[in-house]
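Novice: I'd like to go over a predicted model; first the sequence, then the structure.
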There are 2 protein chains.
Amino acid sequence: MNKLTLVRLGIDTQQEFIVYIHLDCFVCKSEGFKTETQVQISCNNHSIIATLNVVDSDILKINEASLSKSAWGKLNAKEGDKITLSHLKPVTSLKYVRSKIFGNKLEPQELDEIIGDIVSGKYSNVHIASFITACASNNLTVDEIIHLTQSMIKTGKQLQWDYPFVMDKHSVGGIPGNRTTPIVVAIVASAGLVIPKTSSRAITSPAGTADTVETMTSVTLDADQVRRVVEKEGGCMVWGGALGISPADDIIIRVERSLDLDPEVQMIASVLSKKVAAGATHVVIDIPVGPTAKIRSNEEFIKLNEYFNMIGKAVGLHMHVLKTEGIQPMGVGIGPSLEAKDILAVLTNAPNAPIDLKNKSILLASILLEWGNKASPGKGVELATQILENGTAFKKFIRICEAQGGFREPEAAPFTHDIIATYPGQVIEIDNRDLAMVAKLAGAPHDPVAGIEFYAKQGSQVEVNQVLYRIHANSKGALGYALAYAKSMPDIIKVRREIDNG
Amino acid sequence: MNKLTLVRLGIDTQQEFIVYIHLDCFVCKSEGFKTETQVQISCNNHSIIATLNVVDSDILKINEASLSKSAWGKLNAKEGDKITLSHLKPVTSLKYVRSKIFGNKLEPQELDEIIGDIVSGKYSNVHIASFITACASNNLTVDEIIHLTQSMIKTGKQLQWDYPFVMDKHSVGGIPGNRTTPIVVAIVASAGLVIPKTSSRAITSPAGTADTVETMTSVTLDADQVRRVVEKEGGCMVWGGALGISPADDIIIRVERSLDLDPEVQMIASVLSKKVAAGATHVVIDIPVGPTAKIRSNEEFIKLNEYFNMIGKAVGLHMHVLKTEGIQPMGVGIGPSLEAKDILAVLTNAPNAPIDLKNKSILLASILLEWGNKASPGKGVELATQILENGTAFKKFIRICEAQGGFREPEAAPFTHDIIATYPGQVIEIDNRDLAMVAKLAGAPHDPVAGIEFYAKQGSQVEVNQVLYRIHANSKGALGYALAYAKSMPDIIKVRREIDNG
């Protein structure tokens, strides 16, 4: 039998599963395995697909094997366990990916097969990158997006609720600091509606809602824990990835992150599949539009609005799509901890609370309050404002955090550097993408404390030496790295020089 | 200083460069490096971009680092050498890849930047997969393909020759066993023309010409060695990858191989950039057309013919594009060693020499002979046949092999299995793709002896128990793997059952 004994090498390759075996190992020889081939590994009744790395030093004996860190967990394996390696069957669904590349329409069962194979780990990152690219741009019809959404729902778990209204919201990214979710959840749950909010981690941005909430409470809850939190408090703020509600999307998003690409089609399927899987009935979608936001023109908004409505309806959701202003970051903070500080400022009605973040949260909450018959038409903003300003929302937020495992204050970064105005003038343009890039180079979202404090709102007057933004980082290396990029892009915040009339 | 001492771990990750460092290493901490980030490594005045894998066991000390096997060579490093790690600048050309995904036209300098960054190792395989996919299908204009071809030429070395005619040929793949090159080179060089033929290794097929020739002589020659061979014998049969004539293409092809994708556009740019880089002036292109060949219809042929002519002319080549029959494998062998045996049979005029391979080689050679004024118009076939049948071509072939480092007989596989006809009838259809898949699962081209002997030509009559094809493999595992696939695809060779009139 081709069994090998597991030993620990402690090599971390993040999500990629690697199996290490010795070049002279009998399995290698008898099965004809070569380095970098994909193989099936079985152990303890679990099975994964991994990439083979062949080793010719004495870190492994010829009857031993090792795994990359994430693979140990997935196989539920420990040192001394035996594993079996076998050949992988050719992945037939890859022919549908090729077919899509050449412009053919994908049938529902073809999308089912592709998504199923992605979820079961049969696609390498290279294959997933090709699938994402082939489906990006305008390459999918509405029918295909509906089927893709349904395939993604089918491969995951689904939460079931016994409430007439199950509320949800989603903001299409692109605007740093657009972190309304915890505020909206707190307001809506305070009013007695159910809002089991699942969020994602960042794809291409410096923080996802899950990353931000995680600086204040635990977001990694399983389905039973989520049910208990929601039944107790009416709302939750958890990471969707831990629930396995759309495992395909979780895998696809990781590759999108390394491509720095978040295509529309994939985004619609991703968002709506997660809403259905979370058991939502009514969903409000916030689409910020601006020259450096994800959605840059009214034409793009109109198309996306139509898609969200058509596809949402096809998968059984009530939809409300909202166009919002997307010319600059929301609030002050960009990055998980810094965004959390803004959220807490709004919830506690602190004097420095960012008014833009507050107003937008109230607007989004008001739609859900009116929809759920908690406020009469036109009275949602009033009710939402009241709930926020009288402290009810903050109390609810703390109670939800406690139900999720306890509240903690977000931490601060050890290293900061200020980018200052070199001449006086008016802020006339902000490049959201480059600003987000600086925050990412500083370490966000992997370092939750890393990011930016942004002090140069559109149209504001700045003086010489005034701080435009402050970079936060967890290491000198990361700070220097972000700074080098910031200095190479002096127009991230464009200031029109004041004409001296003196 | 952030220097680490290199130790050997002997981990083979094929082409991917990996650097291993300890989790508690000061470089990790001070620079904020995380596992799976791309970092720049410098050592001995060489520099590469590698993926970081963090290790938390005692296989590395905290001031040590290790490299995957291919990275040692690229850095010219040995144990005890010191390396420096630094952050990578963001790869700005990726924005052009995203722009292409969204359907925009790429400018010449944008393609230059993309190809330059690919060659200098700044793209991960995931990025390259996305670029390939974005350029596949009909997404590039003729102008863009011309510029892509020129970018690929610019990033590589170029051979220079002082001859009025420098001949070359290329066969667009898709037909297993279509291994005319060594025969054409031998005939054309025998006639006194210059044909410095560079070939590639297999992309998606069970054997490339370079893989096949390598079973008989060395194909890894540098530019000076190629020059000496060509000046002495008039021709060569070498692997283009070793010459660095189109390093971008070599990298792109590796990713295409794992995608099992060889898109037209990339193929045209690849072929023509290599012809220009090899110093060719006159190029004949063989395009087999058939239902399971790469080019499946006359419409596709017409388009490809037009593209080859337009783009070839734009980069300064004389082009002759030939449509050939592509319904079934050429010759008997599929796989490096087995195809080499066919070539030798044709060159030695053996009684069992495959007539289809012989005739096609003569046809291709005849075009070059007439072009180069060695035969009058219409007399090329006669001259080529004469050179082949009187043994001159075989002598030339052996002399070229000797100039390249010596001739050897191709080896044979230790394991074989026959796929037989289960009923009598006529062969009416052959699936070239599935047949190639069986050969690949048997181990070709990595195992040169692996592959198929094919005995069921289109239209031929077969008896019960007659061998349709024979699988060759270097290990029992690989044989079983190929066999399992062959059995799951009984229609690879479709036999129309004989009606019993008795």
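Specialist: Cool, the structure landed.
Novice: so where's chain A uncertain?
Specialist: For chain A, applying pLDDT under 70 flags the ranges A:1, A:499-502.
Novice: what's the next secondary structure element after the strand of greatest length in it?
Specialist: Ranked by residue count, the top strand of chain A under DSSP state E comes out as strand A:46-55. Downstream of strand A:46-55, the next assigned helix or strand under DSSP states H and E is strand A:64-67.
Novice: name the helices or strands packed onto that next one?
Specialist: Packing contacts for strand A:64-67, counted by 3 or more C-beta pairs under 8 Å, 6 or more residues apart in numbering or on different chains; DSSP states H and E, involve strand A:3-6, strand A:18-22. Placement of C-beta: from N, CA and C, glycine included.
Novice: just checking, A:Thr84 is part of a strand?
Specialist: Yes. Applying DSSP: H, G, I helix; E, B strand; the rest coil, one finds A:Thr84 inside a strand.
Novice: picking that back up, tilt between the longest strand of chain A and strand A:18-22?
Specialist: For strand A:46-55 against strand A:18-22, the angle by axes from the mean of the first three to the mean of the last three C-alpha atoms, to 10 degrees is 50 degrees.
Novice: Highest mean neighbour count across the helices and strands packed on strand A:64-67, which stretch is it?
Specialist: The highest average neighbour count among those, using mean count of other C-beta atoms under 10 Å in any protein chain shown, belongs to strand A:18-22 at a mean of 24.
Novice: What lies in contact with that strand?
Specialist: Under the criterion C-beta atoms under 8 Å, 6 or more residues apart in numbering or on different chains, residues A:4, A:9, A:11, A:27-28, A:33, A:39, A:41, A:50-56, A:60-62, A:64-68, A:71, A:83, A:85, B:11 lie in contact with strand A:18-22.
Novice: Ramachandran coordinates for the residue in the stretch 401-502 of chain A positioned nearest to chain B?
Specialist: Of all residues in the stretch 401-502 of chain A, A:Gly477 sits closest to chain B, with a separation of 3.3 Å (C-beta to the nearest C-beta). Main-chain dihedrals, A:Gly477, degrees, to the nearest 10: phi -60, psi -50.
Novice: Surely it and B:Gly32 touch.
Specialist: Yes. The criterion here is C-beta atoms under 8 Å, and A:Gly477 meets it with B:Gly32 at 4.9 Å.
Novice: Those two - which one has more neighbours?
Specialist: The neighbour count for A:Gly477 versus B:Gly32, taken as other C-beta atoms under 10 Å in any protein chain shown, is higher for B:Gly32 (26 against 22).
Novice: how about that one, what does it touch?
Specialist: Neighbouring residues of B:Gly32 by C-beta under 8 Å, 6+ apart: A:Gly443, A:Asp447, A:Ala473, A:Asn474, A:Ser475, A:Gly477, A:Ala478, A:Tyr481.
Novice: and with 10 Å instead?
Specialist: B:Gly32 is in contact with A:415, A:441-443, A:446-447, A:450, A:473-482, B:87, counting by C-beta atoms under 10 Å, 6 or more residues apart in numbering or on different chains.
Novice: swap in A:Leu106?
Specialist: Counted by C-beta under 10 Å, 6+ apart, A:Leu106 has contacts A:96-97, A:99-100, A:112-114, A:134-135, A:139-141, A:143-144, A:147-148, A:151.
Novice: In PyMOL, select just the buried ones from the residues you listed.
Specialist: Remark: buried members of those, expressed as a PyMOL selection using 16 or more other C-beta atoms under 10 Å in any protein chain shown:
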select buried, chain A and resi 96+97+100+112+113+114+134+135+139+140+144+147+148+151
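Novice: about what we covered before: next, show the common contact partners of A:Gly477 and B:Gly32.
Specialist: Counting by C-beta under 10 Å, 6+ apart, the residues touching both A:Gly477 and B:Gly32 are A:Phe415, A:Gly443, B:His87.
Novice: surely A:Lys74 meets A:Gly121?
Specialist: Yes. Contact criterion C-beta atoms under 10 Å: A:Lys74 and A:Gly121 qualify, at 8.6 Å.
Novice: Between the two, which contacts overlap?
Specialist: Going by C-beta under 10 Å, 6+ apart, residues that sit against A:Lys74 and also against A:Gly121 are A:Phe17, A:Ser47, A:Ile48, A:Ala50.
Novice: Need the max-distance pair from those.
Specialist: A:Phe17 and A:Ser47 (11.1 Å; C-beta to C-beta).
Novice: list the contacts for the closest residue to A:Ala65 other than its chain neighbours?
Specialist: In this structure, A:Ala65 finds its nearest non-sequential neighbour in A:Leu4, 3.9 Å apart by C-beta to C-beta, 6 or more residues apart in numbering or on different chains. A:Leu4 sits next to A:19, A:21-22, A:25-28, A:41, A:43, A:60-66, A:81-85 when contact means C-beta under 10 Å, 6+ apart.
Novice: about what we covered before: same list (the helices and strands packed on strand A:64-67) but as a markdown table, adding distance to B:Glu214.
Specialist: Converted to a markdown table, those look like this (distance: least, C-beta to C-beta, whole Å):
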| stretch | distance to B:Glu214 |
| --- | --- |
| strand A:3-6 | 32 |
| strand A:18-22 | 27 |
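Novice: Specify the beta-bridge partners of the residue nearest to A:Ala65.
Specialist: Listed beta-bridge partners, A:Leu4: A:Ile83 (assigned using DSSP bridges).
Novice: Would you mind measuring from it to chain B?
Specialist: Remark: distance between A:Leu4 and chain B (C-beta to the nearest C-beta, to the nearest Å) = 14 Å.
Novice: do A:Val315 as well
Specialist: Taking C-beta to the nearest C-beta, one finds A:Val315 at 26 Å from chain B.
Novice: Now that residue. Nearest residue, chain neighbours left out?
Specialist: In space, A:Val315 comes closest to A:Val276 once its chain neighbours are excluded; the distance is 5.2 Å by C-beta to C-beta, 6+ apart.
Novice: again, but for A:Val194
Specialist: A:Tyr163 (4.7 Å).
Novice: Just the element for that neighbour, please.
Specialist: Using DSSP H and E, no helix or strand contains A:Tyr163.
Novice: Settle this for me: it is touching A:Leu193, isn't it.
Specialist: Yes. Applying C-beta under 10 Å as the test, A:Tyr163 and A:Leu193 come out as touching, 8.4 Å apart.
Novice: Give the intersection of the neighbour lists for those two.
Specialist: Each of A:Gly234, A:Gly372 lies in contact with both A:Tyr163 and A:Leu193 under the rule C-beta under 10 Å, 6+ apart.
Novice: picking that back up, out of A:Phe17 and A:Ser47, which sits in the busier spot?
Specialist: Using other C-beta under 10 Å as the criterion, A:Phe17 and A:Ser47 rank with A:Phe17 on top: 21 against 16.
Novice: Could you list the buried residues of stretch A:274-293?
Specialist: Buried residues in stretch A:274-293, counted by 16+ other C-beta under 10 Å: A:274-290, A:292-293.
Novice: again with stretch A:480-493
Specialist: For stretch A:480-493, the neighbour count (16+ other C-beta under 10 Å) marks A:Gly480, A:Tyr481, A:Ala482, A:Leu483, A:Tyr485, A:Ala486, A:Ile492, A:Ile493 as buried.
Novice: Could you save these as a markdown table and add columns showing distance to chain B and secondary structure?
Specialist: Compiled in a markdown table, those are given as follows (distance: C-beta to the nearest C-beta, whole Å; DSSP: H, G, I helix; E, B strand; the rest coil):
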| residue | distance to chain B | secondary structure |
| --- | --- | --- |
| A:Gly480 | 8 | helix |
| A:Tyr481 | 5 | helix |
| A:Ala482 | 10 | helix |
| A:Leu483 | 11 | helix |
| A:Tyr485 | 7 | helix |
| A:Ala486 | 12 | helix |
| A:Ile492 | 13 | helix |
| A:Ile493 | 19 | strand |
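Novice: Now flag whichever of these is closest to A:Tyr455.
Specialist: Nearest to A:Tyr455 among those, with distances taken as C-beta to C-beta, is A:Ile493, at 9.5 Å.
Novice: what residues are up against that closest one?
Specialist: Neighbour list for A:Ile493: A:328, A:419, A:421, A:427-431, A:434-435, A:454-458, A:462, A:468-469, A:486 [criterion: C-beta under 10 Å, 6+ apart].
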